[in-house]
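>>> below are the sequence and a predicted model; questions follow.
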Amino acid sequence: MSQPNDQSSLPLVVENLHKRFRQEGVDIPALNGVSLAVPDGDFVAIMGPSGSGKSTLLHVIAGLTNATSGQVRIHGMDIATLSDRRMTALRRRQIGVVFQAFNLIPTLSVQDNITLPVQADGRACDLGRLLRITSLLDIDDKLDRRPGKLSGGEQQRVAIARALLPAPAIILADEPTGSLDSEAGQNLCRLLRTCCEQEKQTILLVTHEPSVAAWARRTLVLKDGRLVGKIPSSDQNDAQALAAAYQSIIQA
């Protein structure tokens, strides 16, 4: 997919990103010069084996971990230039994060869990948007329940609704199907694709599962902290063909 010349308008631009961790006096590289750009309304999957740097990449993009060098820009804003307070505000408004763990507060209702980030930002909740999103995710009849009364798939949908509600520039999904069975995982992927198509939501998802990546519009492959290839568009929506293309890239 061709990119606009003016990348300041894009939801996400990553340029030459490096991240090293210090362990027992030794630098351990996690990211080695990752660059990518994600246009509005795109749904990008990043596949890679365990230890390839997938989660580290999402954590750096979300501002949860500082990069060693390189840039992450959200709609042109270099997040490394932001104070902790401004980064927190940017994350609440422009970056929705969905983790493998649902991170719901058990004592709050589903509705209060969904609206918590908006309320914490001191903004009024758009009830019309809340109802549209929860209806899209098929949890509009569960707003008064506590998370403990929901299935795993329903709890993950609550987490997605929480990320969607502020209308962020981008949603970052870190192995979102990892705590779900295969059927619930596929249903979740279908809902993410629907959010992309109906809400025009931009999504960056990391996974090691071809059956998950096949729901995205394009897939990039990460190995040893580097983007080493992309899945041919002809294989993108066929999980078996995608798996074969992925293995070919990883083993090259």
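Sure, I can see it. Numbering: from 1, shown residues only.
>>> from now on I want contacts and neighbour counts done on CA atoms only, so please keep to that.
OK.
>>> quick check: Val41 touching Cys196?
Val isn't right for residue 41; it's Gly. Yes: judged on C-alpha atoms under 8 Å, Gly41 makes contact with Cys196 at a distance of 6.1 Å.
>>> can you work out which residues contact both of the two?
Thr202, Ile203 (C-alpha atoms under 8 Å, 6 or more residues apart in numbering).
>>> and for the residue nearest to Pro232 when sequence neighbours are not counted, the neighbour number?
Once flanking residues are discounted, Pro232 sits nearest to Ala245: 7.7 Å by C-alpha to C-alpha, 6 or more residues apart in numbering. Residues near Ala245, counting by other C-alpha atoms under 10 Å, number 18.
>>> distance check, Ala245 against Leu204.
Separation of Ala245 from Leu204 (C-alpha to C-alpha, to the nearest Å) stands at 20 Å.
>>> just Thr68 next, same as before
For Thr68, the distance to Leu204 - C-alpha to C-alpha - is 21 Å.
>>> the two - which one has more neighbours?
Remark: of Thr68 and Leu204, Leu204 carries more neighbours, 20 against 14, as counted by other C-alpha under 10 Å.
>>> show the pLDDT at the more buried one.
Leu204 carries a pLDDT value of 97.
>>> wait, what's in contact with it?
Phe43, Val44, Ala45, Ile46, Ile170, Ile171, Leu172, Ala173.
>>> one more pass at 6 Å, please.
Taking C-alpha atoms under 6 Å, 6 or more residues apart in numbering, we find Leu204 in contact with Val44, Ala45, Leu172.
>>> contacts for the helix or strand the first one falls within, please.
Here Val44 sits within strand 43-47, counting by DSSP states H and E. Outside of strand 43-47, the residues that reach it under the criterion C-alpha under 6 Å, 6+ apart are 202-208, 213, 216-221.
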